[in-house]
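Student: Quick one, what's the 3D model for this:
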Amino acid sequence: MDKALNYLALARKGGLCELGEEPVGAVSRTGRAYVVLVAGDASDHTWRRAKSFVSGSEQQCIRLEATKDQMGLAVGRQSLAIAAVTDVQLALALVKALEKPERYKDALEILEAKAQKAKKRQAEARAHQKNVRKGKKQ
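Tutor: Residues are numbered from 1 along each chain as shown. Alright, predicted model coming up:
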């Protein structure tokens with residue numbers, strides 16, 4: 001669990017996550033969240049809200065074994081019940097780092113497909129930029 005929480009801390013430091021119910025809801029409604037994480041000891045109401053944030057989309061919702069205090073400590077807060085990761089590569093690495101990743105097989109498949117798509121778009125964008133620069137030199 002520590003490795004997964006380290007990825008969450010990295011996402012926070014990089015500005016690639018949202019913390020707390022309102023920011024997570026906002027980013028989920030825009031479709032920019034790849035995975036919504038809920039602490040294991042968060043209330044059932046928080047869990048239902050998190051699932052409603054991602055319903056009807058390919059965004060993933062995972063209930064962690066980590067407590068609110070453990071999640072909070074990872075991101076520099078006293079307590080954190082819900083967070084959303086907005087970078088597909090970090091979301092994929094975080095889910096892979098969870099204990100018993102086979103429990104999250106469906107989430108991993110979706111995130112891996114999204115990561116491959118993002119990698120392909122980045123490669124196409126680099127190729128386009130290269131062609132644009134080549135055209136200016138001629």
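Student: gap between G76 and G15?
Tutor: G76 sits at a distance of 13 Å from G15 (criterion: C-beta to C-beta, to the nearest Å). (Each C-beta comes from the backbone N, C-alpha and C, glycine too.)
Student: can you give me the offset of stretch 49-59 from its chain's centre?
Tutor: 13 Å (C-alpha atoms, centre = their mean, to the nearest Å).
Student: Now do it: everything it contacts.
Tutor: When contacts are defined by C-beta atoms under 8 Å, 6 or more residues apart in numbering, stretch 49-59 is touched by residues 21, 24-25, 28-29, 31, 33-36, 38, 60-61, 82, 110, 114.
Student: Out of those residues, which comes closest to R126?
Tutor: The shortest distance between R126 and any of the contacts of stretch 49-59, using C-beta to C-beta, involves K114 and amounts to 18.9 Å.
Student: so who does P101 touch?
Tutor: Residues in contact with P101, defined by C-beta under 8 Å, 6+ apart, are V95, L108.
Student: For the lowest-mean-pLDDT helix or strand in the chain, name the packing helices and strands.
Tutor: Within the chain, judged by mean pLDDT, DSSP states H and E, the helix or strand with the poorest mean is helix 105-137; its value is a mean of 85. For helix 105-137, the elements it packs on are strand 60-63, helix 88-97, judged by 3 or more C-beta pairs under 8 Å, 6 or more residues apart in numbering; DSSP states H and E.
Student: Shouldn't Q78 be within a strand?
Tutor: No. When classified by DSSP: H, G, I helix; E, B strand; the rest coil, Q78 is found to be coil rather than part of a strand.
Student: Was I right to think it contacts D69?
Tutor: Yes. With contact defined as C-beta atoms under 8 Å, Q78 counts as touching D69 (7.3 Å).
Student: what about those two, which has more around it?
Tutor: Neighbour tally, Q78 and D69, criterion other C-beta atoms under 10 Å: the higher count belongs to D69, 14 against 8.
Student: Need the nearest residue in space to that one, chain neighbours excluded.
Tutor: Sequence neighbours aside, S79 is the residue nearest to D69 in space, at 5.8 Å (criterion: C-beta to C-beta, 6 or more residues apart in numbering).
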